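> attaching a predicted model along with its sequence, questions to come.
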Amino acid sequence: MINNLKYQYLSFMWLVLVLILCNMHMDSVTDNQNAFFEGFDKLVHTGLFFVLTSLILRGKLKQRAEHTLRFITVLKIVLFSVFFGAFIELLQWKVFTYRSGDWWDLFCDALGVAMAVFSYFCLRWDKYGKAF
């Protein structure tokens, strides 16, 4: 188990960064509304979870010798990433009351996860395309 985690050090560091950034007090950022456009928060959520899922997929690929992942492994990564997004939104809703949990943030988290998985399958199509 510990041997498998050595491939996930980048994703673990990104996971901690996402947890910190999504639960920070954002008064100083939101005071300057002219610097950002409406919906910038949703774009950030999508990007954070795209990178998180990409790093987890990268770690699993480095761990395996075949350089392909089974469908069940990809599904577990998707479920983990989406549940992590739901956990963050639950924390924002119940624990960090200066933040608000938002269904659209969770949707954008899941969208970032889906984009990462889509990118993985597009880049590995030569390995998976024969099965379709």
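Sure, I can see it.
> nearest residue to the residue most central in space within the chain other than its sequence neighbours?
For the chain, the residue whose C-alpha lies nearest the mean C-alpha position (C-alpha atoms, centre = their mean) is Phe49; its distance is 2.3 Å. Nearest residue to Phe49 in three dimensions, chain neighbours excluded: Gly112, at 3.3 Å (C-beta to C-beta, 6 or more residues apart in numbering). C-beta coordinates here come from the backbone N, C-alpha and C atoms, glycine included.
> circling back: distance of the residue nearest to the centre of the chain relative to Arg64?
Counting by C-beta to C-beta, to the nearest Å, the gap between Phe49 and Arg64 amounts to 23 Å.
> now the helices for this structure?
Counting by DSSP state H, the chain forms helices over residues 2-5, 9-22, 27-30, 40-63, 71-94, 103-123, 125-128, given from the N-terminal end onward.
> highest average neighbour count across those helices?
Of all the helices of the chain, helix 40-63 carries the top mean neighbour count, a mean of 19, counting by mean count of other C-beta atoms under 10 Å.
> now do the same contact list for the nearest residue to Ile88 once chain neighbours are set aside.
Nearest in space to Ile88, with sequence neighbours left out and distances taken as C-beta to C-beta, 6+ apart, is Cys22 at 4.8 Å. Cys22 makes contact with His45, Leu48, Ile88, Leu91, Gln92, Arg99 under the criterion C-beta atoms under 8 Å, 6 or more residues apart in numbering.
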